[in-house]
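>>> Here you go, sequence then predicted model.
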Amino acid sequence: NRTTLQLFSVPLTRVDKGPDTGVDTEAQAEALDAAPKRAGNTGKVEVKIEWDGLSRRIRQLTTMASAVNSVIPAPDSRTYAFTSFGDGGGGIGIYTIAEDGTRMTRLNTATTPDPTAPAPAPGGGGGFGGGNEPQWSKDSRSLYFLQARGIYTVPVPAAPAGDTASAPAPGGRGGGRGSAPAAAAATAVPTTAGPRRITFTAHMEINTTEERRQVFEEAWRVMKHRFYDANMHGVNWSMAKDKYESLLPHIADVEELHDVVMEMIGELNASHTGITGGDVDPGRELAQTHYPGFDLAVDASGFYKVTSIYKKGPADYDYIKLAAGNYIVAVNGKEIRTRDNYWKSFNLLPGSKFEFLVNSAPKLEGAWTISVEPLSQAAQANLEYERWVDTRKAAVRDQTKGQIGYLHIRAMDAPSLARFQRELVENLDKKALIIDQRFNGGGGIDQELLGILAQRTRYQTTQSRDSVVVNRPSQAFFGPMAVLQNERSASDAEMFPEGFRALGLGKIIGVNTMGAVIGTGSFTLLDGSAIRTPGAGVFGSKGQNLENYGVPPDVYIDNTPADFLAGHDRQVEKAIEVLTGQLK
């Protein structure tokens, strides 16, 4: 669970004063700091732990909506910086908090991108939130951090005048050692001063041959010490290094270096690996193809015909005069025929719109113009996904006369979990349920999903006046269920069906999953490239390693290429057949 990692404090010795009896004086704090220096000037501190009653002294300092990612103490050890996605949105942020839990402040980490700065390398770059921790200044009055491949500093606010909390203003002395925490959750208030970019110029002379050798060495070493299996899947990792290191003198660029590294990693036969980023050309521009929100097909007339319009897309408005069966005779003032590749006309500059000349007949005479907002590739993919889901939902409804429900889990992430919870409520009137998680690339919500579905007993109901009966638990399904999976169900979308079966919740239908189940992390190398390293194995209830396993279905059924082309979904049909049999 992302919200379980919070910040706690525990005094190692007994606390002699309550929070309302005052705090230690500044002189006492100074004396404690000076004690090690007086004792032989060694700087060593004798740590004494009074174990009796230790659990009673534990205090939770934060109650963030998301997990605390990293904690960095100030040089005075009385103020702490930490990172978290926090409570107010806006991405990951930097917070400071006093040692007793007071004065928690979210620093304003929003930065304005520098148009002259190079773009981050894909998959790496080491920006803030990509594995780097903020660093304190020596006087504890500011923090430094990396963001968008730049170095920024943000001031840390001083404590209010007369503040007697145990944690002083950065750089000051407030005392309070041994006093109980005053608050478990403080209000996070943004500072008025935003981050300031630190500009600098550095001239470097890089030996690319040695740099590539170092990157190769780091990649090999990170994998050696972070791979979840100390036996390296039976591969002699030292021999693998010798084998591929011999190719380094012959590589010409970063892409070839990455090829060599990935060939070496490939010896492990493990998923969730790879190397990306590094010293690529930041000025290279790629053509951006946009989408109009409708599909075209070749017509015998020599013009393209509109075959369908995407629901809730940019062309799906009453004021846009367009219908399936219309012809597109020109794009942005240029006549378009079936001999032309119309995708070339779909490469637009930012801020541009599509101008289509449309006609109900395959000719220019009588045509009218429509203006359409262009879609990005991601937005187009979303529309195609929703159409795919709606088609299957309608097929299940029609073929079962509304008795069986259908929902699809697109990814194992927070938005998909929220959608699952909504759609589960929408299907509470159904007698059975198909849970489709084909083409799901994974994530990390299998436990949340299974925790909801494992509730199989209705123990109470509630009802308001003149309203409907609501079951308790309200987020559950009590009828027969089946899970659909295929060869594109990967990672957490394999852990979910395996857990579904182990808990006895229903049948798994489809084909074996991908066999890519492993916990992974990312590490930044010398040149800014990033290497993914599987750091945790996942094992089934019977002890089998789910990596390279491929969860087998209870009922095997495949969709052939011909089925895909014909829009025929045999796996959904088989799920209907299985659940209908259970209902009978």
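Happy to help now that I have it. Everything quoted here is computed from the prediction, not taken from an experiment. Numbers count the residues shown, from 1 in each chain.
>>> what kind of secondary structure is residue 69 in?
Three-state call for residue 69 (DSSP: H, G, I helix; E, B strand; the rest coil): strand.
>>> out of everything not next to it in sequence, what's closest to it?
Leaving aside its chain neighbours, residue 69 sits nearest to residue 83 (4.5 Å; criterion: Cβ to Cβ, 6 or more residues apart in numbering). Glycine gets a C-beta too; all of them are placed from N, C-alpha and C.
>>> Specify the beta-bridge partners of that neighbour.
residue 70, residue 94 (DSSP bridges).
>>> mind listing the strands for the stretch 351-500 of the chain?
354-359, 368-372, 404-408, 432-436, 460-463, 469-472, 481-485 (DSSP state E, counting those that start in this stretch).
>>> now these as TSV including mean pLDDT and distance to residue 242?
Formatted as TSV, those follow (pLDDT from 0 to 100; distance: least, Cβ to Cβ, whole Å):
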stretch	mean pLDDT	distance to residue 242
strand 354-359	93	56
strand 368-372	94	58
strand 404-408	98	48
strand 432-436	98	47
strand 460-463	93	67
strand 469-472	89	64
strand 481-485	98	41
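>>> Residue 211 is nearest to which of those strands?
Closest approach to residue 211 among the strands of the stretch 351-500 of the chain (Cβ to Cβ): strand 481-485, 43.8 Å.
>>> So in that sheet, which strands flank that closest one, and in what orientation?
Partners of strand 481-485 in its sheet, by DSSP bridges: strand 432-436 (parallel), strand 507-510 (parallel).
>>> and the direction of that strand versus that of strand 404-408, what angle?
Here the directions of strand 481-485 and strand 404-408 differ by 40 degrees (axes from the mean of the first three to the mean of the last three Cα atoms, to 10 degrees).
>>> Looking at the strands of the stretch 351-500 of the chain, spot the one closest to residue 556.
strand 481-485 (10.9 Å).
>>> Any chance of the strands paired with strand 481-485 in CSV with distance to residue 496 as columns?
Listed next are those as CSV, based on distance: least, Cβ to Cβ, whole Å:
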stretch, distance to residue 496
strand 432-436, 9
strand 507-510, 10
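>>> and among these, the most buried is which?
Neighbour counts (mean count of other Cβ atoms under 10 Å) averaged over each of those peak at strand 432-436, with a mean of 26.
>>> how far does that one sit from the chain's center?
26 Å (Cα atoms, centre = their mean, to the nearest Å).
>>> what does stretch 448-468 give?
With Cα atoms, centre = their mean, you get 30 Å for stretch 448-468.
>>> before we move on, the earlier item: is it possible to get TSV of the strands of the stretch 351-500 of the chain that adds distance to residue 150?
Below are those laid out as TSV (distance: least, Cβ to Cβ, whole Å):
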stretch	distance to residue 150
strand 354-359	36
strand 368-372	38
strand 404-408	41
strand 432-436	44
strand 460-463	54
strand 469-472	52
strand 481-485	44
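>>> Report how many residues lie close to residue 425.
13 (other Cβ atoms under 10 Å).
>>> returning to what we had before: list just the one of the strands of the stretch 351-500 of the chain that sits closest to residue 531.
Comparing the strands of the stretch 351-500 of the chain by Cβ to Cβ, strand 481-485 comes nearest, at 29.5 Å.
>>> Contacts for the closest one, please.
432-438, 453, 493-494, 496-497, 500, 505-511, 513, 551, 553, 571-572, 575, 578-579 (Cβ atoms under 8 Å, 6 or more residues apart in numbering).
>>> So which bits of that strand are buried?
Of all the residues in strand 481-485, those buried under the rule 16 or more other Cβ atoms under 10 Å are 481-485.
>>> Quick one: distance of that strand to the chain centre.
Put simply, strand 481-485 sits 25 Å off its chain's centre (Cα atoms, centre = their mean).
>>> Over to stretch 425-438?
Relative to where its chain is centred, stretch 425-438 has its mean C-alpha point 26 Å off (Cα atoms, centre = their mean).
>>> and if you look at stretch 340-351?
The answer for stretch 340-351 is 31 Å, by Cα atoms, centre = their mean.
>>> surely residue 245 meets residue 215?
No. If you go by Cβ atoms under 8 Å, residue 245 and residue 215 don't touch, sitting 11.8 Å apart.
>>> neighbour count winner among the two?
Neighbour totals were compared for residue 245 and residue 215, and residue 215 leads with 24 against 15 (other Cβ under 10 Å).
>>> ok, now which ones touch that one?
Residue 215 touches 257, 261, 278, 525-527, 529, counting by Cβ under 8 Å, 6+ apart.
>>> List just the nearest of those residues to residue 341.
Nearest member of these to residue 341, counting by Cβ to Cβ, is residue 278, at 33.7 Å.
>>> Checking my notes, that closest one in a strand, right?
No. Read with three-state DSSP, residue 278 is coil and lies in no strand.
>>> mind checking which helix or strand of the chain has the lowest mean pLDDT?
helix 26-38 (a mean of 47; mean pLDDT, DSSP states H and E).
>>> quick one, helices of the protein?
Ranges of helices in the chain, per DSSP state H, are 26-38, 208-226, 237-245, 254-266, 377-400, 414-426, 446-453, 492-502, 561-566, 570-583.
>>> Summarise which helices and strands the last one is packed against.
It stands for helix 570-583. helix 377-400, strand 404-408, strand 432-436, strand 481-485, strand 507-510 (3 or more Cβ pairs under 8 Å, 6 or more residues apart in numbering; DSSP states H and E).
>>> that older thread, among the helices of the chain, which is the most enclosed?
When the helices of the chain are compared using mean count of other Cβ under 10 Å, helix 492-502 is most buried, at a mean of 24.
>>> For the stretch 1-150 of the chain, which segments count as strands?
8-9, 59-60, 68-73, 79-84, 93-98, 105-107, 135-136, 142-147, 150-155.
>>> Highest mean neighbour count out of these?
Comparing these by mean count of other Cβ under 10 Å gives strand 93-98 as most buried, with a mean of 25.
>>> Just the CA atoms of that strand, as PDB, please.
Only the C-alpha atoms of strand 93-98 are listed here, as PDB (Å, rounded to 0.1, in the frame of the first residue of the first chain):
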ATOM      1  CA  GLY A  93       7.000  17.700  -3.300                       C
ATOM      2  CA  ILE A  94       9.600  18.500  -0.700                       C
ATOM      3  CA  TYR A  95       8.500  19.000   2.900                       C
ATOM      4  CA  THR A  96      10.300  20.000   6.100                       C
ATOM      5  CA  ILE A  97       9.200  19.000   9.600                       C
ATOM      6  CA  ALA A  98      10.600  19.600  13.100                       C
END
